[in-house]
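Undergrad: what follows is a protein structure lacking sequence information:
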């Protein structure tokens, strides 16, 4: 805006005071040269000044966005980790799942921690597995007995034999008596799986 005013002022001075005559052409050329220099200098300065400001503004905006994105991602990852951690703590499965006699403690079975699973479920009849410490199943037990007796303890008790250190397992379609630690994978007939442990 100041450059335009200066140019207009120079034009007025030139019209009023610069008449044609000796040296007039040189004065006009000098004046026009002055105008060109003013035009060429100031816009460059203004442009570079504006470019620097624009560059600074863009960098500031990008920095702010970058930090906001990082905060959002950190919040998300923290939320995901906490969800994942809470899920891991709230439900764990045995790997492998073990059966065991009454001397084997219940808990989450792993290759390091050999514990008998107390959250077993049958995938065939969809019943939770019941256990009875220090008991064996009588050899006369059959499918119909468990089908008609589960899960009533009083009916099941009629076919239990007392045996120290043993543990009797049963669902509505299968049963097993165990004394030592047994990997469930070795019991191919049983369709029992760990139904997840909660803390």
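TA: In hand now; what should we look at? Quick caveat, the model's predicted, so the values are computed rather than measured. Numbering: from 1, shown residues only.

Undergrad: stretch 145-160 spans what distance, first to last residue?
TA: 12 Å (Cα to Cα, to the nearest Å).

Undergrad: quick one: buried residues of that stretch?
TA: 145-146, 149-150, 156, 159-160 (16 or more other Cβ atoms under 10 Å). To be clear about C-beta, it is placed using only N, CA and C from the backbone, and glycine gets the same treatment.

Undergrad: residue 101: which of the residues you listed is nearest?
TA: Nearest to residue 101 out of the buried residues of stretch 145-160 is residue 160 (Cβ to Cβ; 14.6 Å).

Undergrad: I'd say the closest one and residue 140 touch.
TA: No. The criterion here is Cβ atoms under 8 Å, and residue 160 misses it with residue 140 at 11.5 Å.

Undergrad: quick one, helices of the protein?
TA: Assigned by DSSP state H, the helices in the chain fall at 2-17, 24-90, 143-149, 153-156.

Undergrad: tell me what the nearest residue to residue 176 once chain neighbours are set aside is bridged to.
TA: Nearest residue to residue 176, sequence neighbours excluded (Cβ to Cβ, 6 or more residues apart in numbering): residue 169, at 4.7 Å. For residue 169, the beta-bridge partners under DSSP bridges are residue 131, residue 176.

Undergrad: report pLDDT for residue 169.
TA: With respect to pLDDT, residue 169 has a value of 96.

Undergrad: kindly report the same for the one 4 residues further on.
TA: On the pLDDT scale, residue 173 is placed at 94.

Undergrad: which one is it nearest to, not counting chain neighbours?
TA: Excluding its sequence neighbours, the residue lying closest to residue 173 (Cβ to Cβ, 6+ apart) is residue 125, at 4.4 Å.

Undergrad: next: residue 116.
TA: Going by Cβ to Cβ, 6+ apart, residue 116 has residue 100 as its nearest residue, at 3.5 Å.

Undergrad: quick one: contacts for that neighbour?
TA: Contacts here follow Cβ atoms under 8 Å, 6 or more residues apart in numbering; on that basis residue 100 touches 114-116, 167, 178, 180-182.

Undergrad: reformat those residues as TSV; add distance to residue 189.
TA: Converted to TSV, the contacts of residue 100 look like this (distance: Cβ to Cβ, whole Å):
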residue	distance to residue 189
114	22
115	23
116	18
167	18
178	14
180	18
181	18
182	13
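
Undergrad: of these, closest to residue 198?
TA: Each of those was checked against residue 198 using Cβ to Cβ; the closest is residue 115, at 15.2 Å.

Undergrad: for that closest one, what are its contacts?
TA: Residue 115 makes contact with 94, 98, 100, 104-109, according to Cβ under 8 Å, 6+ apart.

Undergrad: hmm, 7 Å instead?
TA: Residues near residue 115 by Cβ atoms under 7 Å, 6 or more residues apart in numbering: 98, 104-109.

Undergrad: ok, it to residue 100 distance?
TA: Residue 115 sits 8 Å away from residue 100 when distances are taken as Cβ to Cβ, to the nearest Å.

Undergrad: then residue 117?
TA: Distance, residue 117 to residue 100, using Cβ to Cβ: 9 Å.

Undergrad: how deep is residue 112 tucked in, by neighbour count?
TA: 5 (other Cβ atoms under 10 Å).
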